[in-house]
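[1] Any chance you could fold what I've pasted below:
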Amino acid sequence: MSSETFVVAYEGHPADPAVLDYAIIRAKAEGAKLLLVHVLEWSAYSFLTPQEVEERHGRRKQELSRANEVVMAPALQKCEAEGIAADGVIRYGQVVELILEETKKASASVIYVGRSGSQSMAARVFGSVTLGLAQLAPVPTVIVP
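    This is a model prediction of the structure:
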């Protein structure tokens, strides 16, 4: 069995399981394990008061807990049910940067990312996660429709 790791840039929308399903198929075929990376975008504002910083910290903890419960736990259960070894990481910050960081840390050999990402104005103006990964990843990036 291979010791390869495949990273899945996982948004976690239950209505769109394509990227996870495809990564599971590829991991089964190649005997690889999966690392699901879910990033919650978060920007630190230096002009916040200490009270505002504390409130944001509290909300951040709630968001992390919710992301683990609603996004990561079901995805990891699905991998386990399919017989695939998988770990999950939830991070705060810039999505592309953190996915690439986790890819390097895991010495992963490929990144799987869904084609459909955020369709917000910011994504259209500044570029999507998919495009950013395709341009900057040190390993092949598979874009799953």
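[2] hey, where'd the strands end up in the protein?
    5-9, 33-40, 86-92, 110-114, 141-144 (DSSP state E).
[3] name the helices or strands packed onto the second one?
    What that stands for is strand 33-40. In terms of contacts (3 or more C-beta pairs under 8 Å, 6 or more residues apart in numbering; DSSP states H and E), strand 33-40 is packed against strand 5-9, helix 18-30, helix 50-67, helix 73-81, strand 86-92, helix 95-105. Quick note: C-beta positions are derived from backbone N, CA and C, even for glycine.
[4] report the angle between the axes of the fifth one and helix 73-81?
    Read that as strand 86-92. 160 degrees (axes from the mean of the first three to the mean of the last three C-alpha atoms, to 10 degrees).
[5] model confidence over strand 86-92, on average?
    Model confidence over strand 86-92, given as mean pLDDT, is 95.
[6] ditto for the fourth one
    Mean pLDDT, taken over the full extent of helix 73-81, equals 96.
[7] starting at the chain centroid, how far to that helix?
    On the basis of C-alpha atoms, centre = their mean, to the nearest Å, the separation between the geometric centre of helix 73-81 and that of its chain is 15 Å.
[8] One more: the first one?
    The gap between the average C-alpha position of strand 5-9 and the chain average comes to 8 Å, counting by C-alpha atoms, centre = their mean.
[9] So which elements touch it?
    Helices and strands touching strand 5-9, by 3+ C-beta pairs under 8 Å, 6+ apart, are helix 18-30, strand 33-40, helix 95-105, strand 110-114.
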